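Asker: have a look at this prediction, sequence included:
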Amino acid sequence: MSDKKSDSPVVSILVLSWNTRELTLACLESLENVAIAHEVLVLDNASEDGSADAIADRFPDVELVRESHNQGYAIGNNRLAAKASGRYLCLLNSDTEVPAGALERLAAFLDSEPEYAAVAPELVGPDGVIQHSCKRFPGLGVALVYDMPWRGWPLLKRIDDRYFYRDFDHASDRDVDQPPGACFMIRRNLWEELGGFDESLWLFYNDVDLCLRLRRTGARIRYLADVAILHHEGASTTRFSDMVQVWARNRLAYYGKHHGRFGRRLVRVMLRLRGWHEWWCLGRRHQDPKHRKDARAELRRVMREVLAR
């Protein structure tokens, strides 16, 4: 890695890898340009594409942790953070590429603004388009409209628009509730005070939960639009066969944690309604009776797994 790798790093860069071999290698290669004292820690979540061996061969200075099975996002980052020694932790997705100077500017912001707990950059896709990734915290109103067919109705659309920050073009700096988690720099002392990620939120909503807990301490989170990082969005999650089930279970857990029993029950009801709507859509989508029957059988299986807990 860079000759700025240090025993006393300013930034500990944490990267989780799961079956994104070429993207992970490109991400690590981009970190060669980091000019401040740093360390890079990678946890490979039992990839089956040779990622771990390739990382060890190409980047021998990286601290590589090999897992025997997929630990998920929250547990994996907590394990890496426990090994980190930097003043700041930078949680970095393996499907990103960091241009020279980007992490330095994020760290400089935290150095100069002690009231801020964390900072995140603008994310740009391979097509050069800014990804509108910031969100407000999801409340009970969001549970009523998120991913539902009526989310575009005039009054309900306001809830959906507010949640997705559609009043914000992501082209300027501002304080936000929940910035993009693909690159997120946080003060290590605050991470440790909060206990890192909630490991019951295995893959989703762990970053939302962390940001909400940070906010409740009175700390602020900043989005910097003049720092841009390339993001190949969804490279890992789209390969995860149980993504829908895990997302739904993590969503239920988040609402139960922050909105109590009523919040959890509300989300269960909305998930069931969403399932019924999808059942109807499958009937229109599949004219062939066998294809329709198979698709609905798979939907039943997913809904049983989601609502069993």
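Answerer: That came through fine.
Asker: the nearest residue to S200 once chain neighbours are set aside in helix, strand or coil?
Answerer: Counting by Cβ to Cβ, 6 or more residues apart in numbering, S200 lies nearest to A253, which is 5.4 Å off, once chain neighbours are set aside. In short, each C-beta sits where N, CA and C put it, glycine included. For A253, the secondary-structure state derived from DSSP: H, G, I helix; E, B strand; the rest coil is helix.
Asker: in the stretch 51-200 of the chain, which spans are helices?
Answerer: Counting by DSSP state H, counting those that start in this stretch, the stretch 51-200 of the chain forms helices over residues 51-58, 73-83, 102-112, 140-145, 154-163, 188-194, given from the N-terminal end onward.
Asker: deepest-packed of those, please.
Answerer: When neighbours are counted by mean count of other Cβ atoms under 10 Å, the highest per-stretch mean among the helices of the stretch 51-200 of the chain falls to helix 73-83, a mean of 20.
Asker: one step back: from G263, how far out is the residue nearest to S200?
Answerer: Shown here: A253 relative to G263, a distance of 11 Å by Cβ to Cβ, to the nearest Å.
Asker: output the below-cut-off pLDDT ranges for this protein.
Answerer: Counting by pLDDT under 70, the chain shows low-confidence ranges at 1-7, 235-241, 309.
Asker: how about 90 then?
Answerer: Applying pLDDT under 90 to the predicted model, the residue ranges of the chain that meet it are 1-8, 180, 233-243, 306-309.
Asker: show me the strands in it, by range?
Answerer: Taking DSSP state E as the criterion, the chain carries its strands at 11-17, 38-44, 63-66, 88-93, 96-97, 116-124, 174-175, 183-187, 220-231.
Asker: that older thread, tell me the contacts of the residue nearest to S200?
Answerer: Applying Cβ atoms under 8 Å, 6 or more residues apart in numbering to A253 gives the contacts S200, L201, Y205.
Asker: re earlier: quick one: closest of the helices of the stretch 51-200 of the chain to D288.
Answerer: With Cβ to Cβ, the closest approach to D288 among those belongs to helix 140-145: 32.8 Å.
Asker: just checking, what packs against that closest one?
Answerer: Applying 3 or more Cβ pairs under 8 Å, 6 or more residues apart in numbering; DSSP states H and E, we find helix 140-145 packed against helix 154-163, helix 243-285.
Asker: burial count for V119?
Answerer: Residues contacting V119 under the criterion other Cβ atoms under 10 Å number 27.
Asker: tell me the bridge partners for it.
Answerer: Following DSSP bridges, V119 is listed with bridge partners M185, R222.
Asker: now do the contacts for it.
Answerer: Applying Cβ under 8 Å, 6+ apart, we find V119 in contact with L106, F109, L110, P179, M185, I221, R222, Y223, L224.
Asker: just give the nearest non-adjacent residue to the second one, would you?
Answerer: If you skip the residues right next to it in sequence, F109 has V119 as its closest partner in space, 5.1 Å away by Cβ to Cβ, 6+ apart.
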